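S.K.: here's my sequence, what's the structure:
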Amino acid sequence: DAAARIAAAERARAEADRLRAAADAQNGDAATRVAGAEATAAEQTRLADSARAQVALLTRQIESLRAEIARLVTALELEEAQGRDRDAQISLLGQRLNAALAARVEELQRYRSDFFGRLRQVLGERPEVRIVGDRFVFQGEVLFAPASAELSDAGRQQVRDLARVLLEVTPQIPREIAWVVRVDGHADRTPIRSARFASNWELAAARSIAVAQLLIAEGLPANRVAATSFGDTQPIDDGEGAGAYARNRRIEVRLTDR
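M.R.: Numbering: from 1, shown residues only. Sure thing, here's the model as predicted:
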């Protein structure tokens with residue numbers, strides 16, 4: 001009996017040791033799980049703090065961007081308002097400039113009409129000297145011999161009469177009007193064969209220059225006289241024959257603006 005009790009006691013002690021060992025193991029596992037949970041909680045806390053910091057930074061950046069956008073919108077609206085004011089001022093200045101130009105053109109037109117009227121009185125009514133629109137037209141034969149750029153005696157007198165009228169009229173034109181007497185040379189389309197002139201354009205140019213030089217010699221300021229050539233490019237009579245060609249050979253004088 002004693003041996004049986006001893007054996008039972010040892011079995012009980014062994015079972016108690018086993019249970020204690022199992023309890024210790026469970027306690028160790030629990031401690032490990034607790035430590036892991038604490039570490040996980042700490043990491044989550046750290047991540048949450050970092051996320052909050054990033055959110056706060058982004059919030060500040062968004063607020064800064066909104067403020068910058070609001071500033072740009074205000075600046076753009078101000079610039080647009082100023083642009084509208086500038087456009088209105090430019091439009092007003094344009095209207096004033098157009099009105100001033102129209103007034104000057106009208107004023108020059110008045111002196112041009114006076115010039116034409118006086119010139120008609122001086123030169124008389126002649127079929128070879130006439131007013132066409134805003135220009136005075138001399139047929140080429142009135143001033144020059146055929147294929148020549150030398151003014152004839154009668155032609156020089158005609159140009160002197162023209163200069164006299166211009167010298168009477170132009171001093172009355174206000175200084176601010178940029179007027180000029182333009183002498184245009186025109187030829188017919190018959191090819192010219194001359195040792196001096198290679199083309200009708202050169203002949204027409206030489207004739208306009210001869211008239212312009214005599215006007216300057218008679219007293220017109222050189223900066224108020226211009227000589228141009230159109231050759232045979234602007235006929236006033238598209239017909240064939242001597243009459244049409246004669247009408248196209250001409251000198252046109254304009255009192256115009258620069």
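S.K.: ok, E80 - how many residues close by?
M.R.: Applying other C-beta atoms under 10 Å, we find 10 residues neighbouring E80. All C-beta spots, glycine's among them, are computed from the backbone N, C-alpha and C.
S.K.: which element is it on?
M.R.: Element membership of E80, judged by DSSP states H and E, is helix 2-123.
S.K.: now the helices for the stretch 101-250 of the chain?
M.R.: With DSSP state H, counting those that start in this stretch as the criterion, the stretch 101-250 of the chain has helices at 140-143, 153-169, 200-217, 242-248.
S.K.: for L47, which of these is the nearest?
M.R.: Comparing the helices of the stretch 101-250 of the chain by their distance to L47 (C-beta to C-beta), the top pick is helix 200-217, with 91.9 Å.
S.K.: report the distance from the closest one to the chain centre.
M.R.: 37 Å (C-alpha atoms, centre = their mean, to the nearest Å).
S.K.: what sits up against that helix?
M.R.: 140, 143-144, 147, 149-151, 156, 159-160, 162-163, 166, 181, 183-192, 194, 196-197, 222, 225-232, 251, 253 (C-beta atoms under 8 Å, 6 or more residues apart in numbering).
S.K.: and the angle for it with helix 153-169?
M.R.: 50 degrees (axes from the mean of the first three to the mean of the last three C-alpha atoms, to 10 degrees).
S.K.: what mean pLDDT does helix 200-217 get?
M.R.: Averaging pLDDT along helix 200-217 gives 96.
S.K.: for it, list every residue counted as buried.
M.R.: Neighbour counts over helix 200-217 (16 or more other C-beta atoms under 10 Å) mark 200-216 as buried.
S.K.: now stretch 217-227
M.R.: With burial defined by 16+ other C-beta under 10 Å, the residues of stretch 217-227 counted as buried are 218, 220, 224-227.
S.K.: wait, isn't D237 in contact with R250?
M.R.: No: using C-beta atoms under 8 Å, D237 makes no contact with R250, being 10.1 Å away.
S.K.: so the two - more neighbours on which side?
M.R.: Shown here are D237 and R250; by other C-beta under 10 Å, R250 has more neighbours (27 against 13).
S.K.: report the separation between the more buried one and A212.
M.R.: 15 Å (C-beta to C-beta, to the nearest Å).
S.K.: quick check on S152: phi, psi?
M.R.: Here is the backbone geometry of S152 (degrees, to the nearest 10): phi -70, psi 170.
S.K.: burial measure for I177, as a count.
M.R.: Using other C-beta under 10 Å, I177 has 15 other residues around it.
S.K.: go on, E141?
M.R.: Quick note: E141 (other C-beta under 10 Å) scores 15 neighbours.
S.K.: quick check: closest non-adjacent residue to it.
M.R.: In space, and not counting its chain neighbours, E141 is closest to A246: 6.6 Å by C-beta to C-beta, 6 or more residues apart in numbering.
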